[in-house]
Structures are given as structure tokens and as C-alpha cells.
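Asker: coordinates only, sequence not included:
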């Protein structure tokens with residue numbers, strides 16, 4: 001009888017064969033370096049197979065391509081190989097990675113990769129659905145890992161789960177995290193990590209900049225929006241006692257929740273965790289909005305005894321009655337807060353051991369586009385313009401920080417206070433508006449350039465040139481012009497047009513060609529005092545002569561001539577007579593807001609025909625499969641007048657900015673005078 005151990009050899013050999021990369025390759029469909037898993041089990045197998053590949057000097061990136069479906073994992077997705085790898089979802093959305101109910105966590109992890117081979121995760125949605133008693137990160141990534149267009153959702157059933165943990169030399173671009181956790185941050189960023197173009201909501205805190213390994217000893221956070229959830233106490237914190245740590249924040253909006261006490265907490269909630277020796281915190285071009293429970297927008301705690309901590313604040317926009325900057329509690333450290341350029345509704349609150357050096361305070365009207373709706377973009381004449389030094393570009397919305405506009409106290413101050421830079425776009429025609437047609441070929445026209453008030457037109461020298469098809473030319477924002485009726489031509493057959501051009505002081509031009517036939521009276525009135533609605537027939541002349549005078553005729557006057565339109569009124573036209581989708585794609589590159597205006601080729605547009613003045617409401621819902629989910633804040637309402645109008649649809653709808661993907665756009669038209677509300681919908685695709 002052979003030894004017992006020898007009888008196990010065939011079984012072990014079979015197991016080794018089953019676990020080999022070749023076996024995994026056979027189980028997961030793939031072509032060359034592209035892997036095509038169809039479900040969660042195959043995704044785990046594909047990652048295991050790629051991890052087992054040994055990289056060479058000429059290593060080719062292994063791409064795991066996912067479809068718009070849900071991949072449920074029964075084990076963590078561990079990226080611990082040493083070869084370049086990409087996990088790519090569907091760009092239009094719908095690729096979901098989830099742990100299912102009560103499944104092991106975290107979902108996605110990677111070790112610190114000491115080699116030079118990168119890892120990239122792109123166009124994915126990560127859903128935490130199960131509960132866990134242990135604290136973990138849904139996505140915890142190490143060195144040389146990049147997240148692009150990744151969405152992470154943490155529900156209230158996972159109160160101790162961190163949404164995303166960024167570790168040494170990791171980065172996130174286009175990250176969206178929504179967390180209902182009450183005992184874990186939505187995002188935790190450690191030294192040598194970068195966070196760019198992001199949206200974070202909820203968590204405790206919402207963003208935690210923490211100590212950790214790394215040689216560069218810095219964390220960079222730029223261009224984004226952070227909002228506290230219903231129970232968030234602190235929106236952003238820098239925790240830990242790391243020495244020589246540099247924290248850079250620029251172009252970020254931070255909004256307090258209902259229970260938020262501190263919007264930005266440097267070094268802990270009450271000073272129990274102190275700033276390390278030689279720590280530098282740079283806050284540049286930020287907007288903080290306090291809530292009902294906020295006690296300070298920016299609170300700074302002292303460092304350790306004998307240390308010095310430098311806090312550099314440039315261009316802080318602080319809204320709310322709480323102190324804009326508060327130091328304390330007092331301690332033995334030297335705490336220096338240098339402020340250059342600030343607008344605040346609350347005071348500054350220094351403490352013993354803390355010096356706040358303030359330069360460049362602005363007061364007056366910030367002139368926000370729509371503060372009640374959460375749109376804090378400054379308009380022309382805002383005191384925020386050129387109120388601080390220049391910042392790194394772009395701002396919180398991805399707009400370039402432009403050059404000096406001539407309002408700074410010194411030549412070097414060309415940045416606007418707050419996270420959103422004022423954008424002047426000269427010579428860009430927004431719309432050409434028409435009044436009701438007059439008599440004998442009279443048209444009344446008005447042009448409006450992009451986001452310009454009368455003061456802006458005067459400042460930048462914007463003029464409007466009107467070249468009519470009859471050869472005449474006029475200048476001015478509003479004009480009247482009367483077309484002469486050519487000999488032998490009836491007004492019903494008359495054609496006319498105008499080329500409208502906006503010209504700024506630099507000579508830049510933007511033109512639009514406008515046909516005018518619908519805006520000219522369709523008949524030749526008998527007198528200059530006669531006017532007719534467009535589309536109405538001309539009054540008919542009764543050809544029957546008046547009968548000869550008789551006693552009866554004298555007693556009974558001849559009937560007056562009544563226009564047919566008055567005698568037989570037409571039924572009322574529907575409020576929304578025309579709804580034509582011209583383009584159903586819009587680009588993330590568009591910086592303009594959704595509204596009634598001319599559109600560019602990169603923006604979606606809809607042609608509307610309104611029979612009366614009305615209120616328009618535009619809403620967006622994210623489409624995944626057959627399910628449409630309303631996007632928070634993606635709703636805007638505005639007034640418009642009767643006539644033919646162009647509705648421009650961009651990623652900026654209300655206070656939301658849509659990400660890449662497929663959406664359902666709802667357009668609701670409500671008449672001012674009462675009546676039936678019209679609703680139309682269409683599918684919109686947001687692309688790069």
C-alpha cells in the first residue's frame with residue numbers, strides 16, 4: 001500500500017492547475033490583452049489572472065473591459081500584481097460593482113506598488129449595499145493607482161465605511177462620492193495623493209486629510225464641491241500630527257450641513273489632535289457656506305510646544321454669521337494665519353498664541369447669480385472680482401482663472417475671491433428678441449450678449465450692428481426698422497432678414513443670421529394706425545355697394561364692416577406648439593448654463609414655439625437601463641416670452657453639473673395666465 005501522502009499528489013496537482021493563470025484565462029473570455037468578464041465571479045478571476053502575469057520591460061497594459069451591468073463580488077477585488085492594468089466601465093454609465101448584502105469588504109483594494117506599473121479604474125460606479133461591523137474603505141487604493149470618473153455610494157446601513165481611501169502616490173480625477181456614514185469619512189486622503197474635479201457629499205467628515213506614509217509629504221485638492229450631509233459635524237478636516245506636511249486646497253466650494261459645526265477644521269475638532277511641526281496649510285480661492293449650527297467656517301488649532309504652523313489663506317469667500325476664521329483653543333505653539341483677500345459675513349476670531357494678519361478685505365455687494373439656488377458665480381460689478389492673488393487654474397467649475405480685469409488693489413492681484421471665477425465672454429450673442437410686429441413692415445428687435453448687463457456693455461465697449469436685407473444698417477442694442485414694400489410685391493410674399501453682430505472693444509465679433517418674415521405684418525394695412533397679429537388674415541373689403549337712400553335706409557344705417565378675424569375668432573393655439581430637438585448631445589467642455597439662448601455646436605438645443613409667455617422648468621434624471629433617477633439640484637426655472645425660442649441644454653442645470661452619461665431631460669411649460677401645463681421629454685447624452 002503506497003504512503004498516504006502520495007495519494008494526495010494527483011488532487012494537489014489538479015488544484016494547482018485549476019488556480020493557475022492559464023485556467024483563469026480559459027474561464028474568462030479575452031482577446032489578446034483585453035478581458036471581458038460577464039459577472040462578478042469572472043471579474044475576480046480576470047483580476048487574479050492579471051495579478052499573476054509577470055511584467056517585463058515591454059509590458060503591455062492589461063485591460064479588463066466591463067459592460068453596463070452589475071458585478072456582484074463575493075470577495076474583495078485585490079489589485080496586487082506587478083503589471084499595468086486598467087478596469088474600464090461603460091462610458092455612458094451603468095457599470096456597477098457591488099458587494100451585495102452582507103458580503104465581505106472592502107470592495108476594491110490595492111497594495112502600494114513599488115514597481116513603476118500603473119493601475120487605472122475608469123467609468124465605474126461602486127455601491128456598498130451590505131452591512132459591516134468593521135471599519136473599512138469601499139475603495140482603498142495604494143501607490144500609482146488612478147481613479148477616473150468613478151462614483152462611490154455608501155448607504156446608512158454601512159455607518160463605519162469610508163467611501164474612498166487615497167494612499168501614497170494615488171490620484172482621483174472626476175470622483176463622485178455620496179456617503180450616509182456617520183462614523184467614517186466619505187473620502188480619506190493621505191500624503192502624496194491628489195484629488196481633482198470631484199464632488200463629495202455626506203460622511204463624517206466629508207473629506208479627511210490624514211497622516212500616512214510618503215516622501216513628498218503633501219496632499220493636493222483642487223476643483224470640486226464638498227457638501228456636508230444631514231449629520232456631518234465637519235466638512236473637511238486635517239487630522240493627525242504629521243511633521244512637515246503640506247496641504248494645498250484651491251478652487252473648492254464647501255457647504256455645511258444642518259448639523260455642521262465647522263466647515264474646515266485644521267488639526268482636529270477641539271485641538272485634541274494638534275498640527276505637526278512645520279505643517280503648512282494653503283487655502284486658496286475657497287468658498288465656505290455655514291449652516292444653522294456652524295460655529296466657525298475655518299477653525300485652526302495650535303501645534304505642539306515650540307513648533308510653528310503657517311496657514312496661508314488667499315481669496316476666502318465666507319458666507320454665514322459664524323466667524324470666518326477662528327483660532328483656538330490657545331496653546332504653546334506659534335500659529336500664524338496670513339490672509340490676503342477675503343469677503344466674509346462673519347468676524348475673525350483670533351486667540352492667544354494665534355496671529356491673524358489680514359490684508360485686502362472686500363465689502364459691498366458680491367452680486368451672485370442666484371444665491372438662493374446655490375449659484376455663487378459673481379456677476380459684473382461684484383466686489384469679489386480681482387480681490388485676491390492669482391490662483392492655480394481652474395476654478396471649482398473647471399473654468400480658467402483669467403487674466404487681470406483691472407480691479408485689483410495691486411497688479412499681481414488678478415484672482416477673484418471665492419471658488420468660482422467671474423467669466424467675461426465678450427461678443428457672444430445670447431439671443432435676438434422680437435417685439436410684436438408693427439404696421440407696414442415695421443420690426444422691433446433687441447440683441448443681448450452673453451451674461452452682459454448695460455454696465456458691462458459700457459465697460460467693455462460692446463456694440464451691436466444690424467445689417468438688414470434691404471441694405472440698411474443700424475447700431476444699438478435695441479432697434480426699430482421699417483421695410484419698404486417693393487413695387488408689385490405683397491407683404492404676404494415679402495421676404496426679409498437681418499445679420500446681427502456683437503463687437504467688443506478688442507474687435508472680436510459674433511454674428512447670427514435671423515429670418516424676419518414671421519415678424520412682419522402679413523398684409524398692407526390701410527392706414528399707419530392699423531396693426532395686425534402675425535398670421536392673421538387682412539380685413540376683407542365688402543364688394544357690395546351701399547343701396548340707394550330710402551326712408552327705410554335712412555332709419556336703418558348700413559352695417560359696419562367687421563374684419564373676419566374679429567367676427568370669427570380662431571381657436572386658441574396650444575401653449576407649446578413646437579418642440580424640436582436640434583441636438584441631443586452636450587459637451588462637458590461647455591461652461592455656460594442651461595437657458596433660453598443660442599447654442600454652440602458642442603451644446604444640446606431644442607427649438608420651442610410658445611403661444612404665450614410662460615415659465616419653463618428644466619429637470620434632469622440619470623438614466624441607467626430603464627430606470628431614471630432625478631439628479632439632485634438639476635432643476636432650473638425661468639421666464640420666457642411668446643414666440644420661437646431656442647432652449648440651450650448644457651451640463652450646468654440648476655446647482656448641479658451633470659457627469660458623462662445618459663439622461664432624461666424634462667421640459668415643463670406653465671402659462672402665466674393659467675391653463676394647461678405642457679411637458680415634453682428627450683434623452684440627452686453628456687460627452688467629453
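Answerer: In hand now; what should we look at? What you are looking at is a predicted structure, and each value in this text was computed from that prediction instead of being measured. Residues are numbered from 1 along each chain as shown.
Asker: what's the burial count for residue 232?
Answerer: 29 (other CB atoms under 10 Å). (Each C-beta comes from the backbone N, C-alpha and C, glycine too.)
Asker: Now for it: which residues touch it?
Answerer: Listed by CB atoms under 8 Å, 6 or more residues apart in numbering, the contact set of residue 232 reads 202, 203, 204, 205, 206, 256, 257, 259, 260.
Asker: Which single one of those is nearest to residue 387?
Answerer: residue 256 (22.8 Å; CB to CB).
Asker: what's the distance between the closest one and residue 497?
Answerer: Residue 256 is 53 Å from residue 497, where distance means CB to CB, to the nearest Å.
Asker: With residue 593 instead?
Answerer: 29 Å.
Asker: which residues in the stretch 151-300 of the chain form strands?
Answerer: Secondary structure of the stretch 151-300 of the chain by DSSP state E, counting those that start in this stretch: the strands cover 161-166, 171-173, 176-179, 187-189, 193-202, 207-209, 218-227, 234-238, 246-255, 262-266, 280-289, 296-300.
Asker: Packing partners of the host helix or strand of residue 633?
Answerer: For residue 633, the host element (DSSP states H and E) is strand 627-640. Judged by 3 or more CB pairs under 8 Å, 6 or more residues apart in numbering; DSSP states H and E, strand 627-640 is in contact with strand 595-596, strand 614-624, strand 652-653, strand 656-657.
Asker: circling back to that earlier point, residue 593 and residue 497: which is more packed in?
Answerer: residue 593 (21 against 13).
Asker: Look up which residues are beta-bridged to the residue nearest to that one when sequence neighbours are not counted.
Answerer: For residue 593, ignoring the flanking residues on the chain, the nearest one in space by CB to CB, 6 or more residues apart in numbering is residue 652 at 4.5 Å. Using DSSP bridges, the beta-bridge partners of residue 652 come out as residue 593, residue 657.
Asker: got any ranges where the stretch 401-550 of the chain has weak pLDDT?
Answerer: Applying pLDDT under 70 to the stretch 401-550 of the chain flags the ranges 402-412, 424-462, 485-494, 504-510, 517-550.
Asker: repeat that for 90
Answerer: Applying pLDDT under 90 to the stretch 401-550 of the chain flags residues 401-415, 421-550.
Asker: Give me the neighbour count for residue 363.
Answerer: Residue 363: 8 neighbours (other CB under 10 Å).
Asker: May I ask you to confirm that it is in contact with residue 383?
Answerer: Yes: here residue 363 lies in contact with residue 383, judged by CB atoms under 8 Å, at a distance of 6.8 Å.
Asker: Spit out the residues that contact these two alike.
Answerer: residue 343.
Asker: in the stretch 201-350 of the chain, what spans have low per-residue confidence?
Answerer: Within the stretch 201-350 of the chain, the segments meeting pLDDT under 90 span 209-220, 231, 234, 236-248, 262, 264-282, 296, 299-312, 326-338, 349-350.
Asker: again, 80 this time
Answerer: Low-confidence segments of the stretch 201-350 of the chain (pLDDT under 80): 211-217, 238-245, 267-280, 301-310, 328-336.
Asker: picking up where we left off before, tell me which of the helices and strands packed on strand 627-640 sits most buried.
Answerer: strand 652-653 (a mean of 22; mean count of other CB atoms under 10 Å).
Asker: Report the mean per-residue pLDDT for it.
Answerer: Averaging pLDDT along strand 652-653 yields 90.
Asker: same deal with stretch 138-146?
Answerer: Mean predicted lDDT for stretch 138-146 stands at 79.
Asker: Neighbouring strands of the strand holding residue 633 in the sheet, and parallel or not?
Answerer: strand 614-624 (antiparallel).
Asker: From the rest of the structure, what touches the strand it pairs with?
Answerer: Counting by CB under 8 Å, 6+ apart, 68, 93-94, 575, 594, 596, 628-631, 634-640, 642, 647, 649, 653, 656, 658, 661-672, 683-684 sit against strand 614-624.
Asker: what about the nearest residue to residue 585 once chain neighbours are set aside, how many neighbours?
Answerer: Using CB to CB, 6+ apart and skipping the chain neighbours, the partner closest in space to residue 585 is residue 685 (5.0 Å). Neighbourhood size, residue 685 [other CB under 10 Å]: 16.
Asker: quick check: angle from the host helix or strand of residue 685 to strand 627-640?
Answerer: Using DSSP H and E, residue 685 maps to strand 678-687. Relative orientation of strand 678-687 versus strand 627-640 (axes from the mean of the first three to the mean of the last three CA atoms, to 10 degrees): 110 degrees.
Asker: List the buried residues for strand 678-687?
Answerer: Buried residues in strand 678-687, defined by neighbour count with 16 or more other CB atoms under 10 Å: 678, 682, 684, 685, 686.
Asker: Please name the bridge partners of the first one.
Answerer: According to DSSP bridges, the residues that bridge with residue 678 are residue 669.
Asker: quick one, phi/psi of the closest residue to residue 516 other than its chain neighbours?
Answerer: Using CB to CB, 6+ apart and skipping residues adjacent in sequence, the residue nearest residue 516 is residue 496, 4.4 Å away. Per-residue torsions, residue 496: phi -150, psi 160 (degrees, to the nearest 10).
Asker: Can you name the residues that contact residue 310?
Answerer: 279, 280, 281, 336, 338.
Asker: Most neighbours among these, which one?
Answerer: Busiest of the contacts of residue 310 [other CB under 10 Å] is residue 279, holding 26 neighbours.
Asker: how near is residue 512 to residue 206?
Answerer: Taking CB to CB, one finds residue 512 at 44 Å from residue 206.
Asker: Of the two, which one has the most company?
Answerer: Neighbour count, other CB under 10 Å: between residue 512 and residue 206, residue 206 has more, with 30 against 15.
Asker: mind putting the helices and strands packed on strand 627-640 in TSV, distance to residue 290 included?
Answerer: Formatted as TSV, those follow (distance: least, CB to CB, whole Å):
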stretch	distance to residue 290
strand 595-596	29
strand 614-624	28
strand 652-653	25
strand 656-657	22
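Asker: of all those, which lies closest to residue 39?
Answerer: With CB to CB as the criterion, residue 39 lies closest to strand 614-624 of the helices and strands packed on strand 627-640, at 17.6 Å.
Asker: biggest separation within the contacts of residue 310, which pair?
Answerer: Pairwise distances across the contacts of residue 310 peak at 14.2 Å for 279 and 338 (criterion: CB to CB).
Asker: Next, the angle from the strand holding residue 633 to strand 193-202.
Answerer: 80 degrees.
Asker: measure the closest residue to residue 95 other than its chain neighbours to residue 151 for me?
Answerer: Spatial nearest neighbour of residue 95, chain neighbours left out: residue 89 (3.0 Å); criterion: CB to CB, 6+ apart. As for residue 89, its distance to residue 151 is 10 Å (criterion: CB to CB).
Asker: What is the end-to-end distance of stretch 54-73?
Answerer: Length of stretch 54-73, first residue to last, CA to CA, to the nearest Å: 25 Å.
Asker: now stretch 66-82
Answerer: First-to-last distance for stretch 66-82 - CA to CA - comes to 21 Å.
Asker: for it, which positions count as buried?
Answerer: Neighbour counts over stretch 66-82 (16+ other CB under 10 Å) mark 66, 68, 70, 71, 72, 73, 76, 77, 79, 81, 82 as buried.
Asker: which residues does the fourth one bridge with?
Answerer: With DSSP bridges as the criterion, residue 71 is bridged to residue 97.
Asker: who's in contact with it?
Answerer: Residues near residue 71 by CB under 8 Å, 6+ apart: 37, 39, 40, 43, 95, 96, 97, 98.
Asker: Which one of those residues is nearest to residue 390?
Answerer: Nearest to residue 390, judged by CB to CB, of the contacts of residue 71 is residue 95 at 39.3 Å.
Asker: residues in contact with that closest one?
Answerer: 66, 67, 68, 69, 71, 89, 123, 124, 125.
Asker: In terms of distance to residue 164, which of these ranks first?
Answerer: Closest to residue 164, out of all of the contacts of residue 95 and judged by CB to CB, is residue 124, at 11.6 Å.
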